[in-house]
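> make a model of this:
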Amino acid sequence: MAITTFTDEHSSPIPPSRIFKASIVDSHNLIPKLMPQAIKSIDIIQGDGGAGTIKQINFAEGSPFKYVKYRIDELNEETLTYGYTLVEGDSLEEKIEKITYSVKFEQSPDGGSICKVTSKYYTVGEFTLKEEDVKAGKERVLAMYKAVEAFLTQNPDAYA
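Alright, predicted model coming up:
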């Protein structure tokens, strides 16, 4: 097994607590409303939304994938940190055991936020990740983040 790690950083004009609540804590409600062309639903399969919860993202018709399940490993609204592991789904190729994500939102000097994401891909055997596959996944996640950011910009009282 090999582990490949990526680190990304995104800035936003939205304060960290607002974007954390909208994009992380209430994602199962908000994301399908903002992106129905991509996400059909996000269902809580097990748990109360905190650590240990299993959620399933069901992708919209026409998507190359049907669903993905993930386990919330950490959800801390005080430190604005979130960790989760993709554990099942057709987006996880048979050569990928799991993908873990560690997310932290911080205050930026301009009053907005900086989101830092570390992703670790645990591959099976000698399998090598294709950069274009990883890039495509990152672009989908960034699109969700930008949709939430646009919603919060247009609705300044939401998640305040």
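> does the most far-flung residue of the chain relative to its centre count as helix, strand or coil?
Each residue of the chain has a distance to the centre, and by Cα atoms, centre = their mean the biggest one is for residue 126: 26.8 Å. Judged by DSSP: H, G, I helix; E, B strand; the rest coil, the three-state class of residue 126 is coil.
> scan the protein for its longest helix.
For the chain, the helix with the greatest residue count under DSSP state H is helix 131-154.
> dump that helix to PDB, restricted to CA.
Coordinates of each C-alpha in helix 131-154 appear next as PDB, following Å, rounded to 0.1, in the frame of the first residue of the first chain:
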ATOM      1  CA  GLU A 131      -3.000  13.200 -11.800                       C
ATOM      2  CA  GLU A 132      -6.000  14.000 -14.000                       C
ATOM      3  CA  ASP A 133      -8.300  11.800 -11.800                       C
ATOM      4  CA  VAL A 134      -7.200  13.500  -8.600                       C
ATOM      5  CA  LYS A 135      -7.500  16.900 -10.300                       C
ATOM      6  CA  ALA A 136     -11.100  16.100 -11.500                       C
ATOM      7  CA  GLY A 137     -12.100  15.200  -7.900                       C
ATOM      8  CA  LYS A 138     -10.600  18.400  -6.500                       C
ATOM      9  CA  GLU A 139     -12.400  20.500  -9.100                       C
ATOM     10  CA  ARG A 140     -15.800  18.900  -8.100                       C
ATOM     11  CA  VAL A 141     -15.100  19.700  -4.400                       C
ATOM     12  CA  LEU A 142     -14.000  23.300  -5.300                       C
ATOM     13  CA  ALA A 143     -17.200  23.800  -7.300                       C
ATOM     14  CA  MET A 144     -19.300  22.900  -4.200                       C
ATOM     15  CA  TYR A 145     -17.200  25.200  -2.100                       C
ATOM     16  CA  LYS A 146     -17.700  28.100  -4.600                       C
ATOM     17  CA  ALA A 147     -21.400  27.400  -4.800                       C
ATOM     18  CA  VAL A 148     -21.700  27.700  -1.000                       C
ATOM     19  CA  GLU A 149     -19.600  30.800  -1.000                       C
ATOM     20  CA  ALA A 150     -21.800  32.400  -3.700                       C
ATOM     21  CA  PHE A 151     -24.900  31.500  -1.700                       C
ATOM     22  CA  LEU A 152     -23.500  33.100   1.500                       C
ATOM     23  CA  THR A 153     -22.500  36.200  -0.400                       C
ATOM     24  CA  GLN A 154     -26.000  36.600  -1.800                       C
END
